[in-house]
Each structure stands twice: as structure tokens, then as C-alpha cells.
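**Student:** Here's a sequence, model it:
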Amino acid sequence: MKVMRARKCPTDALALTNCAVVSRNDFDEKGVRHVRVNTGPAHHFIFSIRNHPEVKPGEIAFAMPQRKWAALSLDQELQVNPFSFPPRDYMISVTLSVDFQLKKNATSEPLNSDAMAREFGMQFVGNALTKGMQMVFQFTDPEKGKTHNLSLAVKSIEAIDMNAAAGGQSENSKPYAIEFGQLQSNTGVIFDKEEGSTINLIGKSKGKLAYRAIINPDWDFQKMGIGGLDKEFSGIFRRAFASRVFPPEFIEQLAMKHVRGILLFGPPGTGKTLMARQIGKMLNAREPKIVNGPQILDKYVGESEANIRKLFADAEEEWKRCGANSGLHIIIFDEIDAICKQRGSMAGSSSVHDTVVNQLLSKMDGVDQLNNILVIGMTNRKDMIDEALLRPGRLEVQMEVSLPDEPGRLQILKIHTARMREYKKLDQDVNLEDLAKRTKNFSGAELEGLVRAAQSSAMNRLVKAGGKVQLDPDAIEKLMVNSEDFNYALENDIKPAFGRSDESLNKFLDGELLIYGSEVQKILEYGDLLVTQAKNPQSRTGLVRAVLAGAPQSGVSRLAAEIARRSDFPFVRVVSNGDMVGFSETAKCAALRKAFDDAKRSKMSVLLIDDVEQLVDYTPVGPRFSNLVLKALVVLLKEPVPKDHRLLILATSSDRAFLREFGLLNAFGHLIDVPQLTKWEHVMNVVTEADTFSREEIQKLRYQLEQLFDKNLHFGIGIKRLLDLIDLSRQCDEGYRGTELFERLEMLALSL
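**Tutor:** Have a look, this model is predicted:
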């Protein structure tokens, strides 16, 4: 404690700071920023301090409003102690009564309270404010350029518990009144006219109190329309926002730099743009600047780079004035891959993309660093973004917004049906828990589309058909969305982009699977065992690879598709050569890469690669093959899957020698042999199941086939070939079908 004498403020400029002025020998403002002044046993006041050489040691200087408020007289002896604010009380709002300092300078011109609040925050951020405190405020109107000297008095101060707000405990972070506090960069400043004042205020920062803590105390995912992203928001808060809750001086003590960039990436429709849009509501920062990537580009030379500089201009100006006490400026780039492509990748272009990337890099982490910005980028093509943007100091927090799990899907469905439930337009038979189970691999946008499709289905029932469309007069009262509407929408309208590839899979599932012998049953059991291994949460890698190999026409694709169907995995993707006709080697590699990446996005996936040797353009004459595609396939097969993800890869081949020669047997790990029908009993089982031949023909065929197989011990036929021959014989007249089938089989045996 020091005993000091009160003096006049040495300069007008220092008077405008509303700080007490002391000698550096008494208190250095770098070490002590606030002092407590005691004028009596029950009278004490909190002041922020500044140093000035005209103030002698043992003296403390005050401006006239301060002396008036604290009832101080010149040469009065005061007890002065260093003071620091409690760390838990975070000032979220201050209400100030305002009037012109001199009545002769009063004007009826409106003053923008929003601009006043912003300027007040920049001038006095970090200052101590006390209820009843009188201040002076010099405000220059940014639009008209006119300066006004205003008199202020602190009417009320409110704070929240910083620890509760940081933990997301909204119920424990309600605002409460405090007598004194420290003005923060995001404190809400509210101006209220003094009684009888002629000052004319416009804007939002007047009258009703608004809370502006860095973390909005009443934010709620449900109200924001966000579901299934709790984990992602928790990760973003921990990395990007937790440090901004603490006072600037505490951050300075740690020599800490705030996170300046976040990249949200993931499949389309998973809520990346929604998250970025709502972050501005969750945080009470400066008004976010939201731009689409392509909007930055301009046809004139240098304009694209100038557009980037304009986005950072306000943050730069405030950082120069306030330093670490500057408020947070948020810049949101939607489709950031449009402007931040890999430098040098745009061959033959004017290199506009390269210079835009360079400009963005220099603004985020260049020579003149800003610590008051947060850049949020969104993309579903992270691979296209320049590497330099992804290192620490730039877009260092990279958060994958993946497909929602079952609890997340239930949250999303509840959000999009909340209004219907409120107005009793959702039938009681709609089970949202069941819908969440049935909508595996649906994104948030697809779930919203599902609700819209169900609503359309319900509305369609009320439209009267006829010469012209007529609406039932009681339609609004009758409208009720029921489970049948959701079922219809699931079956006909909405299909997940990352769901089962049923159309491609059904190409191989045409017709009933014939279990002609124990060999087929063993193959299916082996497949079921592989599925169980892939599903097992204790699996070492979560990746299971197998190849089904057999002679041509032996049904390997049908069996692989059956294993995939029986797995009941939510994501099934088929890589077929029919979809790559005319593709170059590079295009095939890109298609393979995309198929593997899509499969790894889902928690549980099956990837079916049909006809491997055709995929790599293998021909035995030569032999010839695509080394580029082969190497790409081997590399992709060995890539691990993300943690807690399960991937079953099934491939088919009609040339086992090819698999062995090119090292694919080791790459796949599991080999399932699919045999031909080498026993007459197996052929007869298929003939009987075909329901094509008469009893007499079946008996005759049994004898003939037994003789044929005894004479040709190495004869075998693929199941698909046999079914084709049976279908051919079906074209003959009854009584001749058996003869036709046997003749074809005999000719085939002789040709071998």
C-alpha cells in the first residue's frame, strides 16, 4: 500500500483515457494495470492507470469527471494498492447513460449507437469500469467525420461465470450484476439517454440490454437447427475458442497465439455451411463476413487480391489501435477450394489462383501477424487445397464433418419435425427412432429432404384429381404426416449419396441363387465369416480383403454380390468395368481413389471390385496390362481405414494365375475358390430347380449325365453357362428339351 497525493491530470489527451495517471517509479502500467484507491474506511474506487513523466513519485493524477465521481480534492492523501480482477467474472454488458458534455455543443443530428459502441470498445478495452463511474468519451462520426465530446455514467454492469460458459453449462452461466469489472473486447455496450437529454440515438446498441460475451450464454444447438454435430462443435470450441474466453493479459503471460483458421471438410450435405453460419451466433464477435469462394475472383488484374485485402481491413485497423484487446473478426469462406487450389496446378492460366492464395497466406500468417481474426473455410475437396494453407498458423484446425450416426440422425429428425409436432401435424404412428435406424448413411441435408418428401406425400393425398387440380377445403385441418408417407419417401424419393449401390448390386443379383452343392454353401459361410470379422469392434485393423476366383461363367460375381447383400452394411459400392468404358489410365485411378474414399467415409462399408484383370487391362497375349492402374489398386488395398471404421473389400477374378503372377493374392489376403460343376449330381440339382423338363426327361438326363461325366473325368461347366444352356433348351418343344440340353453339354465336353 502507498500513500499518494491527488493531482490534476497533466494533459487533455490523458483525460480522455479515463485512467488515473501515476509515475513509473510507483506503478509501471506493464506490470500493474489497475489500482484500488481508498478515501475512507468504506470508500474505495477502482481505476486503470497510465504513466506520464510530469507526474512525480508519490502523486496520482485524475481528470475532473473522476475527481467529481470519487469526491476527491487536490492534495488529498489517498491509500493506493495494486488491484487485479477476479478471473471468473467476465463482463458481458455495460449500460451507460450519455449526454453532451457541453450543452452549447448539443445537436439534433442522430448519432449511431452501434458505431459509438464499437469506438467505445476500442478506446477503453481493458479499462476498469465501476457502477456510477463518470467518464468522458470523444466520438468521431465515421460517416460525417464530426467529433462529439460526450459525458458518460456507468448505470449497470453484468457478467457471467467464465468457467461455466467455457464448459458449455448454459444453465450455470446466467448473467448477474457486479459493481465493477474489466471491459472486454466483446462486452456489449448499451447507451441510454439521461433524463432530459436532447441527444438523438439510433441503432441497436441502445435501450434494451444485449449480452455479448465471447460465448453467448444462451446458445443452444436445437434452437440453431443443428443436430448430430455435438462432437465436432466440442472439438472446434476446444481448439479455436477456449483461449479467447480468457482475459488478454492472461494470454499474453502464456505468449499464446489464438487459432486463426478452421477448415471444415466432408461429404456434401453434412452441415459444414450450417456450422459456419451458426458459429457467428454462438460467438458474440464482430459481424461475420461471409463470402463464396468464386466471389473473390475478378477479371481485372489485381482486383482478386484487393478483394482479399478488403476482408481483413477492419481487423487490421482495430489491431493497430487495440492490439491484444481487439475484438474477434470472423471471415467465412464457402467453397474455399475454388480460390485456394494447389499453386502451379492451373496450367496455362493467368496464375490468378496462385496470387490469391499468396495474398491469403500473407494476411493470415505473414510478416504483420493479426491475432484477432478467425478464418473458417468449407470444402468437400480438401485434396484440392494448397498445402501451405493447412499448416499451423493458418487453417490449422481441420475438422471432418462426417455422416451422422444413429443418435445424430435422431437429433436431426427431431429438429426438422419439431414444428409439425408442435402443431400436431405428425401422426402418432411415426417412430423417429425407427427412422433413425433405417436411414443409415443419410446426411443431414438428405434427412431434411426426407421430411420434405414425406410432407409432399401427405399433401398430395389431399389434392383432388380431375380436370383441374383442386384442394380439399378442409385440407389444412386434415393434413397429417404419417409413417406411410415416410416409407414412400424412403423407397421412392430420397436415396443417400453414400448409401447402398443397389442398382449396381442388383445387376449381379438377377435371379435366385442356386445352392447346387455343399461347395456353394461353404463359400457363403466363408463370406459370412469375413463379414463377422469386419463387423467385430475388436478387429485389429477394421479392414478385411478377399478375392473370389473361378473359371469364366462360374458365378463369382453373383456369389460376391450375395455376400455383400447378406452383410447388411449401410454402404455398398460396386466398382465395375462397365462404368469405366473409355476411361484413360489416369481416369481409372481417379475413379478407384474416389470409390475407396467414399467407402472409408461410412462407418461400415463393402467395396465390390468386379473382374480385377479387366480393370487393369490384362490380356494373356503379350501379356499386356496397365501398370499404373495395377499399382494404384495395390496401394489402395493396403491403405488403413479411419479409426472405428469397418471396410470389407470383395473382388472377383476369372484367372487365378493372373492373381498369383501379379502379387494380388498377397494384397487381398483371403482367397475363395469358386469351382465349376464337376459332378453330374450338381448338374442334376440345377436341372431339377430349373422347372423346365418333364419327369421322363429328368430321368433320362440323369442316366446320360452320369455316363458323360464318367467318360470325361476332367469335364466341368460354370453355373452361368449351364443356366444359359437350360434357357436355350427351353425354347424347344416339350419332350425335346432334355435332348437339346444333353447334346449341348456333350459338344462342350468334346471341345475341351
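**Student:** in the helix ranked longest in the chain, what's buried?
**Tutor:** Counting by DSSP state H, the longest helix found in the chain is helix 303-322. For helix 303-322, the neighbour count (16 or more other Cβ atoms under 10 Å) marks Ser304, Glu305, Asn307, Ile308, Leu311, Phe312, Asp314, Ala315, Glu316, Glu318, Trp319, Cys322 as buried. C-beta coordinates here come from the backbone N, C-alpha and C atoms, glycine included.
**Student:** Tell me the helix or strand right after it.
**Tutor:** strand 329-334 (DSSP states H and E).
**Student:** Name the surrounding residues that touch the helix or strand following that following strand.
**Tutor:** Following strand 329-334 in sequence order, the next helix or strand is helix 352-365 (DSSP H and E). For helix 352-365, the surrounding residues in contact (Cβ atoms under 8 Å, 6 or more residues apart in numbering) are 260-261, 296-297, 304-305, 308-309, 311-312, 339-341, 343-344, 346, 370, 373, 375, 386, 388-389, 393-394.
**Student:** Can you tell me which of those residues are classed as buried?
**Tutor:** Buried among those by 16+ other Cβ under 10 Å: 260-261, 296, 304-305, 308, 311-312, 339-341, 343, 370, 373, 375, 386, 388-389, 394.
**Student:** count of neighbours near Thr541?
**Tutor:** Under the neighbour criterion other Cβ atoms under 10 Å, Thr541 is assigned a count of 9.
**Student:** Test my guess that it contacts Pro640.
**Tutor:** Yes. Counting by Cβ atoms under 8 Å, Thr541 does reach Pro640; the two are 6.3 Å apart.
**Student:** Packing partners of the top strand by length along the chain?
**Tutor:** Secondary structure of the chain per DSSP state E: the longest strand is strand 147-161. For strand 147-161, the elements it packs on are strand 89-100, strand 128-130, strand 134-140, strand 176-177, strand 180-182, judged by 3 or more Cβ pairs under 8 Å, 6 or more residues apart in numbering; DSSP states H and E.
**Student:** nearest to Thr678, of these?
**Tutor:** Nearest to Thr678, of all the helices and strands packed on strand 147-161, is strand 89-100, at 80.4 Å by Cβ to Cβ.
**Student:** Against which helices or strands is the closest one packed?
**Tutor:** Going by 3+ Cβ pairs under 8 Å, 6+ apart, strand 89-100 lies up against strand 147-161, helix 162-166, strand 180-182, strand 188-193.
**Student:** Give me whichever of these is most buried.
**Tutor:** strand 180-182 (a mean of 23; mean count of other Cβ atoms under 10 Å).
**Student:** next one: that one to chain centre, how far?
**Tutor:** 37 Å (Cα atoms, centre = their mean, to the nearest Å).
**Student:** mind listing the strands for the stretch 601-750 of the chain?
**Tutor:** Along the stretch 601-750 of the chain, the segments classed as strands by DSSP state E, counting those that start in this stretch run 604-609, 646-653, 670-674.
**Student:** angle of the second one against strand 670-674?
**Tutor:** Pointing back at strand 646-653 there. Here strand 646-653 runs at an angle of 40 degrees relative to strand 670-674 (axes from the mean of the first three to the mean of the last three Cα atoms, to 10 degrees).
**Student:** In its sheet, which strands sit next to strand 646-653, and in what direction?
**Tutor:** strand 543-550 (parallel), strand 604-609 (parallel) (DSSP bridges).
**Student:** The last one too?
**Tutor:** Strands flanking strand 670-674 in the sheet, each with its direction: strand 543-550 (parallel) (DSSP bridges).
**Student:** So what touches the partner strand?
**Tutor:** By Cβ under 8 Å, 6+ apart, the list of residues contacting strand 543-550 reads 523, 527, 530, 533-534, 556, 559-560, 612, 637, 640-641, 646-656, 659, 664-665, 667-676, 718.
**Student:** Could you rerun that using 6 Å?
**Tutor:** 530, 533-534, 556, 559-560, 637, 641, 647-653, 656, 668-672, 674 (Cβ atoms under 6 Å, 6 or more residues apart in numbering).
**Student:** Kindly format the C-alpha coordinates of that strand as CSV.
**Tutor:** Only the C-alpha atoms of strand 543-550 are listed here, as CSV (Å, rounded to 0.1, in the frame of the first residue of the first chain):
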residue,chain,number,x,y,z
LEU,A,543,-10.1,-53.8,-42.9
VAL,A,544,-10.9,-57.2,-44.4
ARG,A,545,-9.9,-58.1,-48.0
ALA,A,546,-10.9,-61.1,-50.1
VAL,A,547,-11.0,-62.2,-53.7
LEU,A,548,-13.3,-64.8,-55.2
ALA,A,549,-11.6,-66.6,-58.1
GLY,A,550,-13.0,-69.1,-60.5
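**Student:** Which SSE is immediately downstream of that strand?
**Tutor:** Next along from strand 543-550, by DSSP H and E: helix 556-567.
**Student:** In that following helix, which residues are buried?
**Tutor:** Val556, Ser557, Arg558, Leu559, Ala560, Ala561, Glu562, Ile563, Ala564, Arg565, Ser567.
**Student:** Distance from stretch 478-486 to the middle of the chain?
**Tutor:** For stretch 478-486, the distance to the chain centre is 31 Å (Cα atoms, centre = their mean).
**Student:** Sketch out the low-pLDDT regions of the stretch 251-400 of the chain for me.
**Tutor:** 252, 277, 280-286, 322, 324-325, 344-353, 366-368 (pLDDT under 70).
**Student:** At which residues are the strands of the stretch 351-500 of the chain located?
**Tutor:** 373-379, 397-400, 463-464, 470-471.
**Student:** Report the distance from stretch 396-413 to the chain centre.
**Tutor:** 7 Å.
**Student:** oh, I was asking about stretch 568-586
**Tutor:** 27 Å.
**Student:** what's the answer for stretch 717-734, then?
**Tutor:** With Cα atoms, centre = their mean, you get 54 Å for stretch 717-734.
**Student:** Any buried residues in that stretch, and which?
**Tutor:** Of all the residues in stretch 717-734, those buried under the rule 16+ other Cβ under 10 Å are Ile717, Gly718, Ile719, Arg721, Leu722, Leu723, Leu725, Ile726, Ser729.
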